[in-house]
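Student: Model the following, please.
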Amino acid sequence: MDNLSATERLEALGRILPPRARVAIVPHDYPDPDALASAGGLHLMLERRFGVHSRIVYSGAVERAENREMVRHFRYRLWDLAALRPARRRVPAVVVDVRPGTGKVTLPDWMRPIAVVDHHPDPGGGRRGPALEWSDVRPSVGACTSIVYDLMAAAGLTPPTWLAACMVYAIETETMDFTRGGSALDRAAYLALLPQASLRLLGLIKHAPLPAAYFSLLQQAIANARLYGRVAWSHLPEVPHADIVPEIADRLARLERVSHAFCTAFHRDQLLVSIRSNRRNAACGALIRAAVGLRGSAGGHDRLAAAAIPVPGLDAPARQELLESVRSALLRRMERRTRGIKRAPDMRSRPLAAGAAGLTAESASRSEPPAGRAQETPSP
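Tutor: As a prediction, this is how the structure comes out:
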């Protein structure tokens, strides 16, 4: 379907949708704003364009403050898969912002995936999902929400103000305000949706109240962070929710003179990894898949990627050994990616907190007069 227009894609989708059955819209596990906004747009389109009823069904928690605020204002009901009874007949499912077979989406046996809308590159590594009747996969697009907007526009649909706000926020976060690139479609979708969006709701989402536990985890992440030349890494021994891991990686990637950053953490029975880069052609998705291998699910884009490695039954020493293996594999590959950049003379680690303390002391020494010497009064 690569060469089809949005209108032709819609016509093809209409031919495979069941006329009377309810359809499940399934975003990836622990859905982020892009997955949620895309699911909301598809829900509206299936109902208004095709007269098909749907449910948005997700797995995993939505914990990040901004994501929770978005869900709080969502007008479409979100169904937790864990709370649903298995259906007697297989339910057709449209998978959103992920591909079946990647290990990043939970599809029970009573769901039958028939279609997918996604913007992630091919995961490779032999991870192939079931053959689908319809797909709209565009890896060159920065946000899955932009693809859904393209389909909605072709259907002549205008989202309500609350959904437009969610879609705008999704495009902003997925492209990091277009600093991670973004295609012409992303820019067109953003500019078209912004005048339709509730600016108040957009502000409420961006400035959602943060719980005290967030600052505690942030403090711990900074204290544990280490620098390896142009690479920053932090580890959290245990986190209450998965969303904090990519958030820490995002913050570390904003460090001066850092080209790659990654955060690791144990969450329940998984080792979570999120990596970020501010370089073009960083190949983060390929990098993390090579480092993780078949030990878990991994994938992503050029400048951001994530992985989850199951660790049930592993004791503390075994978990530490796994962590060290993944950390070393990522550092080796990141070091090779940064060889063309002028960087620190060696790759030995140093704590970020110590560097910040040193910088503070240096700044103070510049601003204060030497001991034993009176400070001159400036001339008026």
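
Student: State the distance from R251 to P27.
Tutor: Shown here: R251 relative to P27, a distance of 25 Å by C-beta to C-beta, to the nearest Å. For the C-beta atoms, the positions are set from N, CA and C on the backbone; glycine is no exception.

Student: the more surrounded of those two?
Tutor: Neighbour comparison, R251 and P27: the larger count goes to P27, with 30 against 18 (by other C-beta atoms under 10 Å).

Student: in what helix or strand does the residue nearest to the more buried one when sequence neighbours are not counted lie?
Tutor: Among residues not flanking P27 along the chain, A35 sits closest, at 3.5 Å (C-beta to C-beta, 6 or more residues apart in numbering). Using DSSP states H and E, A35 sits in helix 33-50.

Student: pLDDT on that helix, on average?
Tutor: When pLDDT is averaged over helix 33-50, the result is 97.

Student: who's in contact with the residue nearest to P27?
Tutor: Listed by C-beta atoms under 8 Å, 6 or more residues apart in numbering, the contact partners of A35 are P27, H28, Y58, V96, D97, V98, C144.

Student: In helices, which of those fall?
Tutor: Residues of these located in helices (DSSP state H): C144.

Student: From the contacts of A35, pick the one nearest E324.
Tutor: Among the contacts of A35, H28 lies closest to E324 (C-beta to C-beta), at 28.0 Å.

Student: Where in the protein is the helix or strand with the lowest mean pLDDT?
Tutor: The weakest-scoring helix or strand in the chain, judged by mean pLDDT, DSSP states H and E, is helix 352-367 (a mean of 48).

Student: show me where the stretch 201-350 of the chain has helices.
Tutor: For the stretch 201-350 of the chain, the helices defined by DSSP state H, counting those that start in this stretch cover 212-224, 244-252, 284-292, 316-337.

Student: is it possible to export these to TSV including distance to H53 and mean pLDDT?
Tutor: Output for these, formatted as TSV (distance: least, C-beta to C-beta, whole Å; pLDDT from 0 to 100):
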stretch	distance to H53	mean pLDDT
helix 212-224	37	95
helix 244-252	33	95
helix 284-292	35	93
helix 316-337	43	93
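
Student: Out of those, the one nearest T161 is which?
Tutor: Per C-beta to C-beta, nearest to T161 of the helices of the stretch 201-350 of the chain: helix 244-252, 27.2 Å.

Student: so what secondary structure elements neighbour the closest one?
Tutor: On a contact count with 3 or more C-beta pairs under 8 Å, 6 or more residues apart in numbering; DSSP states H and E, helix 244-252 meets helix 212-224, strand 231-236, strand 260-267, strand 270-277, strand 304-310.

Student: for the last one, which positions count as buried?
Tutor: Neighbour counts over strand 304-310 (16 or more other C-beta atoms under 10 Å) mark L304, A305, A306, A307, A308, I309 as buried.

Student: quick check, distance from that strand to the centre of its chain.
Tutor: Between the centre of strand 304-310 and the centre of its host chain there is 10 Å, according to C-alpha atoms, centre = their mean, to the nearest Å.

Student: Determine the set of other helices and strands touching that strand.
Tutor: Helices and strands touching strand 304-310, by 3+ C-beta pairs under 8 Å, 6+ apart, are helix 244-252, strand 270-277, helix 284-292, strand 297-300.

Student: wait, isn't L199 in contact with A165?
Tutor: Yes - under the criterion of C-beta atoms under 8 Å, L199 makes contact with A165 at 7.5 Å.

Student: quick one: which of these two has more around it?
Tutor: Set L199 next to A165 and count neighbours by other C-beta under 10 Å: A165 wins out with 26 against 12.

Student: Over to that one. Which of the three states is it?
Tutor: Following DSSP: H, G, I helix; E, B strand; the rest coil, A165 is assigned to helix.

Student: give me every residue that touches it.
Tutor: Taking C-beta under 8 Å, 6+ apart as the contact definition, A165 lies against H73, A197, S198, L199, L201, L202, I205.

Student: switch to 7 Å and redo it
Tutor: A197, S198, L201, L202 (C-beta atoms under 7 Å, 6 or more residues apart in numbering).
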